[in-house]
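Asker: give me coordinates for this.
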Amino acid sequence: MAKRKQKNVELERQLKQRKMIFRVVSIVIAAVIVFAIGFGAWSVQDRRWVLRYDGGRVATNDFRAINDIFFGGNPLAREAALESLQQIVTLRNRAMHHNADFTPEEREDAEAQVNWNIRTMNIMELGFDPVPYITDERLAELFVTSPLVGRLMDIYLPVNAVDVDEDEFAVLLESYLEDALYRHLDLQVHMLMLFDREEIEEAYELVGNVDFEDIMRQFVPGAEEEDELETISLIQVIDWFDAQPEDREYLLSLDAGDYTHIIELHDGGMDFFFIFYAVSREEPDPDAAAESFREDHIQALREDLFNDLVEEWTEESNFRVNRRGYNSVR
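Answerer: Got it, this is the predicted structure:
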């Protein structure tokens with residue numbers, strides 16, 4: 001009896017020990033499962049952020065959009081894309097600090113701008129949206145920075161705070177007035193632009209015999225007889241189509257009342273045929289041109305100094321790259 005009782009006690013002890021081991025193993029397995037689930041969820045969440053900095057995080061999709069749009073998804077440009085993103089985030093944070101962020105009107109315009117230029121144009125030309133993973137609101141914040149830059153420059157680099165090297169400016173001004181004074185010429189023209197050479201030749205046969213506006217109404221689709229035809233700056237046309245020197249010289253010589261011969265200009269691999277009629281001509285004022293050039297020169301100096309400021313602010317922002325998010329963008 002004693003042996004049997006001792007044996008029963010031993011069996012009961014072993015059973016309790018097995019139950020304890022089973023519980024411990026069950027707890028460990030459950031803990032591993034919970035950890036695995038938690039780690040997986042954390043890992044997924046962690047990939048959503050590409051940058052951390054003092055006061056915030058930057059989404060991986062922001063980096064992806066900058067890389068896709070600015071750099072065409074080029075793997076060799078990933079670091080440049082990351083640096084650009086850091087500067088954009090720094091710029092906007094600085095603007096918000098000074099209450100210089102988008103106005104409601106600016107935001108509306110910016111969102112419409114990116115929707116058209118980034119989404120709609122690509123859908124029309126390529127057949128797909130290149131950035132379906134990001135909102136128009138965020139695209140506007142990433143790609144439209146000019147309103148913020150202008151206000152921040154006024155805060156940190158007002159016009160009267162920029163020093164101009166007068167000797168250097170005098171040399172630049174002399175060269176500008178010699179080479180680019182024509183840009184201040186106010187030469188307003190009526191312009192007939194057609195794509196077909198035979199059609200433009202047909203129109204040219206009427207030049208001098210028929211009022212030029214009537215010729216335009218005849219050959220421009222949708223132009224009604226009672227419509228008033230607006231003039232356009234010939235300088236703008238020359239810039240738009242990057243006219244060859246001989247064409248530019250000829251066009252700039254026009255006086256009010258002159259017609260041109262048929263001018264062939266090119267843009268984006270397409271040929272365009274023009275006839276111009278000079279409506280009015282006002283010669284450039286060298287003094288006004290010099291003042292305009294000085295304003296542009298000071299603005300360029302301000303932009304260079306401002307770029308240096310943005311680089312300093314970016315370094316001070318203490319950005320830290322999250323490699324999980326960074327590596328998730330292909």
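Asker: and the one helix or strand Ala203 maps to, what does it pack onto?
Answerer: Taking DSSP states H and E as the definition, one finds Ala203 inside helix 197-204. Helix 197-204 sits against strand 186-194, helix 212-219, strand 270-282, with contacts defined as 3 or more C-beta pairs under 8 Å, 6 or more residues apart in numbering; DSSP states H and E. Bear in mind the C-beta positions are built from the backbone N, C-alpha and C, glycine included.
Asker: buried sites along it?
Answerer: Ile200, Ala203, Tyr204 (16 or more other C-beta atoms under 10 Å).
Asker: out of the residues you listed, who's nearest Thr231?
Answerer: Nearest to Thr231 among the buried residues of helix 197-204, counting by C-beta to C-beta, is Ala203 at 18.1 Å.
Asker: and for the closest one, nearest residue in space, chain neighbours not counted?
Answerer: Nearest non-adjacent residue to Ala203, counting by C-beta to C-beta, 6 or more residues apart in numbering: Phe219, 5.0 Å away.
Asker: so what's the one you found up against?
Answerer: Phe219 makes contact with Leu192, Leu194, Glu199, Glu202, Ala203 under the criterion C-beta atoms under 8 Å, 6 or more residues apart in numbering.
Asker: picking up where we left off before, as TSV, the helices and strands packed on helix 197-204 with distance to Arg248 and mean pLDDT would be great.
Answerer: Below are the helices and strands packed on helix 197-204 laid out as TSV (distance: least, C-beta to C-beta, whole Å; pLDDT from 0 to 100):
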stretch	distance to Arg248	mean pLDDT
strand 186-194	12	94
helix 212-219	22	90
strand 270-282	12	93
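Asker: return the most buried member of those.
Answerer: Counting by mean count of other C-beta atoms under 10 Å, strand 186-194 has the highest mean neighbour count of the helices and strands packed on helix 197-204, with a mean of 20.
Asker: that older thread, farthest pair within the contacts of Phe219?
Answerer: Greatest spatial distance among these (C-beta to C-beta): Leu192 and Glu202, at 11.2 Å.
Asker: just want the angle from the helix holding Ala203 to strand 186-194.
Answerer: Helix 197-204 runs at 130 degrees relative to strand 186-194, counting by axes from the mean of the first three to the mean of the last three C-alpha atoms, to 10 degrees.
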